[in-house]
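>>> make a model of this:
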Amino acid sequence: MDGSIFSLVLPSEARMLSVARSFVEAVCQAYRLDRTTTHALVIVTGEAVTNIVRHAHQNRPGSQMEMHLEILTDAVAITFRDEGEPFDLDAVPELPPGELRIGGRGIYLMRTLMDELTCEPRGAGQPGNILRMVKRCEAMRECG
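Numbering: from 1, shown residues only. Alright, predicted model coming up:
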């Protein structure tokens, strides 16, 4: 793998979910990542986009999100930049997998499927957050 970075800027709209997921899937296929890794990355992308539209941007028209997908030697990283209020990832409780409820599974899935998950304020006077998810692969043998 070569450290390539692929970027996409999307309006914060629910209908962009399929665009974001297709973008991730296309890059994964181009780099011949295995189905399990590709599927995990597509799932967490969907959860991130949904959370950004609903919670960070609260369905505000005119808001945008940036996606960056980075193919590294030993990992794949997805970074999202939103324009929402600061979000404390640590404040989201660990949910028992068997608990039945509607919603609240996005962060659980991100924590479960990814090896690293962080969310920090954008800083430098910019509103929003930077959500970063990393799926590690031993020299990409596990992924590709």
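>>> OK, contacts around residue 120?
Each residue near residue 120 by Cβ atoms under 8 Å, 6 or more residues apart in numbering is listed here: 129, 130. Bear in mind the C-beta positions are built from the backbone N, C-alpha and C, glycine included.
>>> measure residue 73 to residue 6 for me?
16 Å (Cβ to Cβ, to the nearest Å).
>>> looking at the two, which is more packed in?
residue 6 (16 against 10; other Cβ atoms under 10 Å).
>>> so how far is residue 105 from the residue nearest to the more buried one when sequence neighbours are not counted?
Counting by Cβ to Cβ, 6 or more residues apart in numbering, residue 6 lies nearest to residue 69, which is 4.6 Å off, once chain neighbours are set aside. Counting by Cβ to Cβ, the separation of residue 69 from residue 105 is 22 Å.
>>> tell me the average confidence for stretch 75-93?
Averaged over stretch 75-93, pLDDT sits at 91.
>>> and the lowest-mean-pLDDT helix or strand in the chain, how far from the chain's centre?
Across the helices and strands of the chain, mean pLDDT, DSSP states H and E gives its lowest value to helix 106-113, namely a mean of 91. From the chain centre to the centre of helix 106-113 is a distance of 10 Å (Cα atoms, centre = their mean, to the nearest Å).
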